[in-house]
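>>> prediction below, plus the sequence it came from.
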Amino acid sequence: MSDLEDQVLTSLRRIIRATHLHSRKLEKQTGLTTPQLVIIQTVSALYDPTVSAIAHAASLSLATVTTILNRLERNGLVMRSRSATDRRRVIVTLTDAGATLCARAPRPLQDQFVDHFNKLTPQDKNEIVAALHRVAAMMDVERIVEPSLTLNSESVV
C-alpha cells in the first residue's frame, strides 16, 4: 500500500471513528441518536414545520423523518397536529420536554463541520464536495447505503 493510500484510509477511519464516538456521547447525554437530535433541532429552528419541510431542512428522506417523528412522539418530545388554517397540513411542534432537551443538548458533530466549511472559499468548498463525491463513488456507497441516508443536492452534512 502506498503512503497516499494509507493516508486516505487513515483519514477515513478517523472520520468514521470520531463520528461514532460523538454519536455515542450524544446518545448517552440526551438519550437520542444524532438523527433524532437533528430532527428536534430542525423542528425548533423552523416555524410551524410540516414533515416535508423538516425532511428538506435536515437533508433526510420523508420516510426517515416520519419514522423518527413517530419515535419522538411516542417519547413525548414532539407532537403533530392539523393546521388551524389548512386542515390538510400537519404541523410538528416540540413539547415542553422536547424544547428543554433541545436547549440542553450538545451540538451534533455535523454542525461543527458546517461552521468550518462555511468559512472556506467557494473554490475550496467545491473541491471538497467533488473529492467527497469521488470517494463515495469509489466506495460504491450508492449500492450500500439506504437512499434515505443520502443527502439532497442542496445541502451539506
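Received, thanks.

>>> as a check, name the ranges of all strands in the protein.
78-82, 90-94 (DSSP state E).

>>> any idea which of those strands is most buried?
Stretch with highest mean neighbour count among those: strand 90-94 (a mean of 18; mean count of other Cβ atoms under 10 Å). (C-beta placed from N, C-alpha, C; glycine too.)

>>> give me the sheet partners of it and which way each runs.
Here strand 90-94 is paired, per DSSP bridges, with strand 78-82 (antiparallel).

>>> ok, residues contacting the partner strand?
Strand 78-82 has contacts (Cβ atoms under 8 Å, 6 or more residues apart in numbering) with 39-40, 43, 51, 69, 72-73, 89-95, 98.

>>> nearest to residue 136 among the residues you listed?
Closest approach to residue 136 among these (Cβ to Cβ): residue 39, at 23.5 Å.

>>> what about the closest one, neighbour count?
Counted by other Cβ atoms under 10 Å, the residues lying close to residue 39 total 29.

>>> so it makes contact with residue 65?
Yes: at 6.4 Å, residue 39 counts as touching residue 65 under the criterion of Cβ atoms under 8 Å.
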